[in-house]
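> got a predicted structure here, sequence first:
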Amino acid sequence: MAQPKVSIIIPTYNVEEYLRECLDSVCRQTLKEIEIICVNDGSTDGSLAIIEEYATKDERIVVLDGPNGGYGKGMNRGLDRATGEFVGIVEPDDFVALTMYEDLYKVAHENDLDFVKADFYRFTRNENGDMRLVYNHLDKTDEWYNKIFDPSQEPETLRFIMNTWSGIYKRDFIEGHGIRHNETPGASFQDNGFWMQTFVYANRAMILDTPYYRNRRDNPNSSVKDTGKVYCMNVEYDYIENLLKSDERIWDTFKFMFWLKRYDNYMFTMNRIDESFIPEYVLRFQEDFLRAKKQGELAEDVFTERQWSNIGRILDDPQAYGRAFIKGKRGRSPLRRGASKVKRMAKKALS
């Protein structure tokens, strides 16, 4: 086959229950000029056998098998192997609309884009197989859809929903900037750094208001369900911070939005982890954001009023905030001080 138009990477680890649905959706794409790179990351279930079964039926499938090295290492193996004009990613417990890569490739190729991304659905299935779909808009403002923009000059685009799998990326762009995933062993959420790099380096991009990707939210083994992985997000954002700070221009452009994204993902972590970890975690939260405050890297106008108030409370009294947060997680009204007092505390902590 001539150079594939799109290389689709499927990083696979112990997903035999969902893998056939994923592979069927990729193999049946209306865009035929694709290669499908299945990276088996040391699965201990039947995932490898399923991949090999599909590979005997579809010569476009490339099987990369190896010991477990983590998501980042597996994804980088796939990127190193890819030969397509563009690269896409499908998580093995998700699936995609059959026209996804034909439509995205047409837009990306005709407009000479570094990347194009699209809206998506999150879904769950009940016991009888019925699906519940929730539409997710990448852009909550509707200002950025269906037009070319320069992400490297538009820090506001970091407000888009973060995912790496709802689009495709020009491989020459990825290779030219050496964009890869962090490979910290045993870590999760290593797609955050990849996502951030694509935005700070790209010059031509588009987002589309059409949902092609179906993102599963009922896999009990997914990272978002793991209540015991506490600091993997912190490790990832340390990695991203160091990467961005290696280029003064990039850091000056994106530092305020970087801290918004870090805040969002720390709050996501607090909602994900077991409540027994929260008193310790909120101290780490305070430590990182005190450093940002001292270095002048927090901008109030980047955050909502509630977010800014939360930061102030964490900086002022992290243990009290942690206790309130735990009560909120338990479904009761969180411990709150009077609204005016909270605002005074936030203002004092952030002044």
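Nice, I can see it. Just so it is clear, the structure is predicted and the values come from calculations on it, not from any experiment. Numbering: from 1, shown residues only.
> which stretches of the stretch 101-250 of the chain form helices?
With helices called from DSSP state H, counting those that start in this stretch, the stretch 101-250 of the chain shows them at 171-176, 191-201, 232-245, 248-272.
> let me have those in TSV, adding mean pLDDT as columns.
Output for those, formatted as TSV (pLDDT from 0 to 100):
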stretch	mean pLDDT
helix 171-176	98
helix 191-201	97
helix 232-245	95
helix 248-272	97
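> which of the ones you listed sits most buried?
Stretch with highest mean neighbour count among those: helix 191-201 (a mean of 22; mean count of other C-beta atoms under 10 Å). Every C-beta, even on glycine, is put in place using the N, C-alpha and C of the backbone.
> which residues touch that helix?
Under the criterion C-beta atoms under 8 Å, 6 or more residues apart in numbering, residues 71, 75, 114-115, 151-152, 157-158, 162-165, 169, 173-174, 177, 179-182, 205, 233, 236-237, 239-240, 243-244, 250, 253-254, 258, 261, 265 lie in contact with helix 191-201.
> now it, how far from the chain's geometric center?
Centre-to-centre, helix 191-201 and its host chain are 9 Å apart (C-alpha atoms, centre = their mean, to the nearest Å).
> quick check: the residue nearest the centre of the chain vs Glu248, distance?
Taking C-alpha atoms, centre = their mean as the criterion, Asn163 is the residue nearest the geometric centre of the chain, at 3.6 Å. Distance, Asn163 to Glu248, using C-beta to C-beta, to the nearest Å: 28 Å.
> ok so, going back, how about the residue nearest to the centre of the chain, what does it touch?
So, once contact is read as C-beta under 8 Å, 6+ apart, Asn163 ends up touching Lys117, Phe120, Asp191, Trp195, Tyr213, Asn215.
> so what's the second one closest to, chain neighbours aside?
Counting by C-beta to C-beta, 6 or more residues apart in numbering, the nearest residue to Phe120 once its immediate chain neighbours are dropped is Tyr213, at 3.9 Å.
> I figured that neighbour hits Phe123, correct?
No: counting by C-beta atoms under 8 Å, Tyr213 stays clear of Phe123, with 10.2 Å between them.
> would you map the strands across the stretch 201-350 of the chain?
205-216 (DSSP state E, counting those that start in this stretch).
> quick one: low-confidence ranges for the chain?
1, 185-187, 219-228, 332-351 (pLDDT under 70).
> switch the cut-off to 50
Where the chain drops to pLDDT under 50, the residues are 225, 332-343, 345-346, 348-351.
> domain ranges for it?
The chain resolves into domains spanning 6-221, 232-350 when parsed by automatic domain parsing.
> give me whichever of these is most buried.
Highest mean neighbour count of these: domain 6-221, a mean of 18 (counted as mean count of other C-beta under 10 Å).
> now that one: how far from the chain's centre is it?
Distance of domain 6-221 from its chain centroid, counting by C-alpha atoms, centre = their mean, is 10 Å.
> list the contacts for the residue nearest to Phe120?
Tyr213 sits next to Val90, Asp94, Val96, Ala97, Met100, Ala118, Phe120, Tyr121, Asn163, Trp165, Ser166 when contact means C-beta under 8 Å, 6+ apart.
> if we ignore the residues flanking it in sequence, what's nearest the fifth one?
It refers to Met100. Using C-beta to C-beta, 6+ apart, the nearest residue to Met100 is Tyr212, at 3.8 Å.
> state the distance from that neighbour to Leu23.
Separation of Tyr212 from Leu23 (C-beta to C-beta) stands at 17 Å.
> thanks a lot, catch you later.
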